[in-house]
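1. build the 3D model from these lines:
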Amino acid sequence: MQDDRRSPHIASVAKAFRALTLIADGTGATSAKDLASMMKSPLPTVYHLLNTLVAEGVLVRGERHGYLLGPRMGALADAYFEQGEPLELLDGPLRKLASQTGETAYLSAWRHGDLEVVSTAEGSHAVRVAQLQRGAHGHAHARASGKLLLALARPGQRDEYLARNALVKLTRNTMTNLADLESDFASTRKAGYAVDNEEFLDEVSCLAAPIMGFGHILGAYTVSCPTSRFARVRDELLKELLAACNEAEQLFDA
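-> Model prediction:
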């Protein structure tokens with residue numbers, strides 16, 4: 001008796017996703033021949049698949065007859081991470097960070113071309129930084145989380161933000177020279193975390209570190225501290241901050 005049930009999966013879509021994954025996992029342009037071998041598919045079939053993806057802007061042809069991810073993939077990735085869905089998972093480690101340090105902590109991420117606070121957790125110290133409101137944004141050049149997310153953004157995304165937003169002087173320490181800010185971005189990328197040394201608010205210092213998932217930056221945790229005790233507790237704050245980011249990243253590896 002013949003089974004008339006049909007698979008809910010479309011083979012050509014599955015093959016396209018497989019090709020995209022193989023190209024994304026590679027270190028450079030991948031040829032059609034290589035993909036056909038890895039996918040165990042006929043070369044003409046793979047050519048048709050790749051030509052369709054190129055026509056849609058999902059792939060581009062590399063200079064040496066290979067294929068690379070195209071601009072539409074970047075747009076899709078940005079849209080996915082800006083919608084907020086995966087960030088709900090990150091509230092647990094954020095609350096733990098605030099509890100472990102006693103300091104105010106918050107989570108920031110890209111939202112519609114801006115850098116926004118999407119969640120906050122209040123510290124327990126008697127003297128602490130006032131809790132930021134969810135949705136707070138602006139002046140990314142002066143905030144630890146903003147500088148971190150700008151430093152790790154694609155150059156085009158960073159340039160677009162800086163072109164639209166003036167480098168306003170908020171405190172005596174705020175950097176308003178683009179060259180100084182670019183130097184700070186380079187230092188941030190090298191260190192793996194960012195520092196706000198009374199650049200956004202007087203008497204407030206902050207540390208921010210990235211949360212990575214699927215090879216993409218999901219957001220940043222920040223811990224804020226009165227400057228009066230920042231130097232004394234900075235190393236411990238950084239340790240707890242990096243531990244929180246690591247815990248958050250494990251949620252996406254599970």
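2. from memory Phe200 sits against Val168, does it?
-> No - with contact defined as CB atoms under 8 Å, Phe200 does not count as touching Val168 (10.5 Å). C-beta coordinates here come from the backbone N, C-alpha and C atoms, glycine included.
3. who's more crowded, these two?
-> Just comparing Phe200 and Val168: by other CB atoms under 10 Å the higher neighbour count belongs to Phe200, 23 against 11.
4. quick one: secondary structure of the more buried one?
-> Under DSSP: H, G, I helix; E, B strand; the rest coil, the three-state class of Phe200 is coil.
5. what about Ala209, how many neighbours?
-> Counted with other CB under 10 Å, the neighbours of Ala209 add up to 24.
6. the one 10 residues further on too?
-> By the criterion of other CB under 10 Å, Gly219 has 32 neighbours.
7. do you know the pLDDT at it?
-> Note on Gly219: pLDDT of 92.
8. next, it: phi, psi?
-> phi 170, psi -160 (degrees, to the nearest 10).
9. any idea what it is bridged to?
-> Ile211 (DSSP bridges).
10. who's in contact with it?
-> Gly219 makes contact with 87, 90, 107-110, 118, 149, 210-211, according to CB atoms under 8 Å, 6 or more residues apart in numbering.
11. which helix in the chain has the most residues?
-> For the chain, the helix with the greatest residue count under DSSP state H is helix 227-253.
12. hmm, back to that, overlap in contacts, Phe200 and Val168.
-> Common contact partners of Phe200 and Val168 (CB under 8 Å, 6+ apart): 139, 142, 174.
13. for the first one, grab the count of nearby residues.
-> In other words, His139. His139, neighbours per other CB under 10 Å, totals 17.
14. correct me, but it touches Leu170?
-> Yes - counting by CB under 8 Å, His139 touches Leu170, with 6.3 Å between them.
15. so what sits against both of the two?
-> Common neighbours of His139 and Leu170 (CB under 8 Å, 6+ apart) are Phe200.
16. ranges for the helices of the stretch 1-150 of the chain?
-> 11-25, 32-39, 43-55, 71-82, 91-101, 144-152 (DSSP state H, counting those that start in this stretch).
17. and the ones you listed: which comes nearest Ala243?
-> The closest of the helices of the stretch 1-150 of the chain to Ala243 is helix 91-101. By CB to CB, the value is 8.1 Å.
18. buried sites along the closest one?
-> In terms of neighbour count (16 or more other CB atoms under 10 Å), helix 91-101 has its buried residues at 93-98, 100-101.
19. low pLDDT regions in the stretch 51-200 of the chain?
-> 64-65, 77-87, 126-128, 130-131 (pLDDT under 70).
20. show me where it has its strands.
-> 59-61, 66-69, 104-111, 114-121, 194-197 (DSSP state E, counting those that start in this stretch).
21. tabulate the ones you listed (CSV), appending mean neighbour count.
-> Output for the strands of the stretch 51-200 of the chain, formatted as CSV (neighbours: other CB atoms under 10 Å):
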stretch, mean neighbour count
strand 59-61, 19
strand 66-69, 19
strand 104-111, 25
strand 114-121, 21
strand 194-197, 21
